[in-house]
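[1] Sequence first, then the predicted structure, then my questions.
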Amino acid sequence: MRSSVMRATILTATAITLTFGLVGCGGDDVDKADLVSKIKSEPEFKEIPSNVADDVVNCMADVALKHADKADLKSYVDGKIKMDEVKGVGADNKEATAAAGKCGEMAVK
């Protein structure tokens with residue numbers, strides 16, 4: 001039971017991260033530490049088991065920093081837009097989807 005709840009939580013967190021618009025376009029630099037803090041503040045990520053939370057969130061931040069629209073990502077970190085408003089990631093970005101999926105898998109191993 002606990003395993004299925006944890007898996008559902010991780011999959012939800014992964015799905016939310018995948019809504020990041022991960023299409024790189026120059027612009028504002030986003031500090032990884034700030035992004036990690038912002039991701040950790042999301043309710044979906046608070047339920048990730050503490051023994052893997054840092055690894056999962058850092059992995060998700062790396063995916064976002066590699067692929068995200070930088071201006072949108074900066075706006076997300078600054079609290080101006082919600083996570084699901086960052087353009088690009090989803091089924092249309094197979095590389096980012098696969099990378100974020102691997103991050104989520106870290107939490108259920």
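    Received, thanks. Residues are numbered from 1 along each chain as shown.
[2] Give me the below-cutoff pLDDT ranges for the chain.
    1-28, 88-91, 109 (pLDDT under 70).
[3] can you pull out the helices in it?
    Using DSSP state H, the helices of the chain run over 2-18, 32-41, 50-67, 70-77, 94-106.
[4] Tell me which of the ones you listed is the most buried.
    Highest mean neighbour count of the helices of the chain: helix 70-77, a mean of 21 (counted as mean count of other C-beta atoms under 10 Å). Yep, even glycine has a C-beta here, placed from its N, CA and C like the rest.
[5] can you tell me how far Lys80 sits from Val86?
    Distance of Lys80 to Val86, given as C-beta to C-beta, to the nearest Å: 11 Å.
[6] Settle it for me: which of those two has more neighbours?
    Neighbours were counted for Lys80 and for Val86 using other C-beta atoms under 10 Å; Val86 has more, 25 against 10.
[7] my guess is the more buried one meets His67, correct?
    No. Between Val86 and His67 there is no contact under C-beta atoms under 8 Å: 10.1 Å.
[8] What residues does the residue nearest to Leu73 when sequence neighbours are not counted make contact with?
    Counting by C-beta to C-beta, 6 or more residues apart in numbering, Val30 is the residue found nearest to Leu73 once chain neighbours are left out, at 4.9 Å. Going by C-beta atoms under 8 Å, 6 or more residues apart in numbering, Val30 touches 65, 68, 70, 73-74, 77.
[9] Could you count how many residues lie near Ala107?
    Residues within reach of Ala107, counting by other C-beta under 10 Å, total 24.
[10] what does Lys46 give?
    11.
[11] what separates it from Asp84, distance-wise?
    Noted for Lys46: a distance of 17 Å to Asp84, by C-beta to C-beta.
[12] just Ala68 next, same as before
    As judged by C-beta to C-beta, Ala68 and Asp84 stand 13 Å apart.
[13] between the two, which one's more packed in?
    Ala68 (27 against 15).
[14] these two touch, right, the more buried one and Val86?
    Yes. At 5.9 Å, Ala68 and Val86 qualify as touching, with contact defined as C-beta under 8 Å.
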